[in-house]
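J.: The following comprises the amino acid sequence and a computationally predicted model.
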Amino acid sequence: MLIECKNDKEKVAMGLLSYLPDFKNLANLKDEIRLNKNSKEFRLFLYRDHNPNFVGVIGTQWDKQFIVIRYISLAPDYRKKKYEEQAICELAAGNPQKKITTVPEYVYLMKYLKQK
């Protein structure tokens with residue numbers, strides 16, 4: 001289940017983001033959280049499988065026609081294709097009026113959308 005990240009889940013998002021190399025630096029991590037908090041264009045979504053814990057985060061950028069997936073970070077025990085696929089497909093299914101795309105580093109995620 002995808003849930004848009006709000007202030008009460010900020011620390012959860014920070015923990016999941018810290019798995020990505022770009023956000024191991026605390027200043028970069030705080031800048032990213034601030035960007036997503038202060039902008040309607042940039043949004044974070046927390047991903048929860050069928051358990052009460054959040055296991056992933058997806059960073060997105062929105063405009064009128066597109067949602068750009070900027071990154072996805074999953075907890076170590078959940079770094080399997082099925083969790084990436086579930087999260088990406090849920091994002092697409094919840095926004096059928098938008099085209100989903102990615103930044104170049106994550107273009108491999110597009111295969112999950114083409115399988116449907």
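T.: It's in. As the structure is a computational prediction, the values presented were derived from the model and not from experiment.
J.: Who does V68 form a beta bridge with?
T.: On the basis of DSSP bridges, V68 is bridged to Q61, T101.
J.: As a check, name the ranges of all helices in the chain.
T.: Assigned by DSSP state H, the helices in the chain fall at 10-17, 26-38, 81-93, 110-114.
J.: Now mean neighbour count, mean pLDDT and distance to G56 too, for these, in TSV please.
T.: Glycine gets a C-beta too; all of them are placed from N, C-alpha and C. Compiled in TSV, those are given as follows (neighbours: other C-beta atoms under 10 Å; pLDDT from 0 to 100; distance: least, C-beta to C-beta, whole Å):
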stretch	mean neighbour count	mean pLDDT	distance to G56
helix 10-17	18	96	6
helix 26-38	14	94	15
helix 81-93	17	93	6
helix 110-114	13	89	14
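J.: Excluding sequence neighbours, find me the nearest residue to L44.
T.: C5 (3.9 Å; C-beta to C-beta, 6 or more residues apart in numbering).
J.: phi, psi of that neighbour?
T.: phi -70, psi 130 (degrees, to the nearest 10).
J.: What is the neighbour count of it?
T.: 23 (other C-beta atoms under 10 Å).
J.: so what's it up against?
T.: By C-beta atoms under 8 Å, 6 or more residues apart in numbering, C5 lies in contact with V12, A13, N36, R43, L44, F45, L46, V57.
J.: I figured the first one hits G56, correct?
T.: No. Using C-beta atoms under 8 Å, V12 and G56 do not qualify as a contacting pair, with a distance of 10.4 Å.
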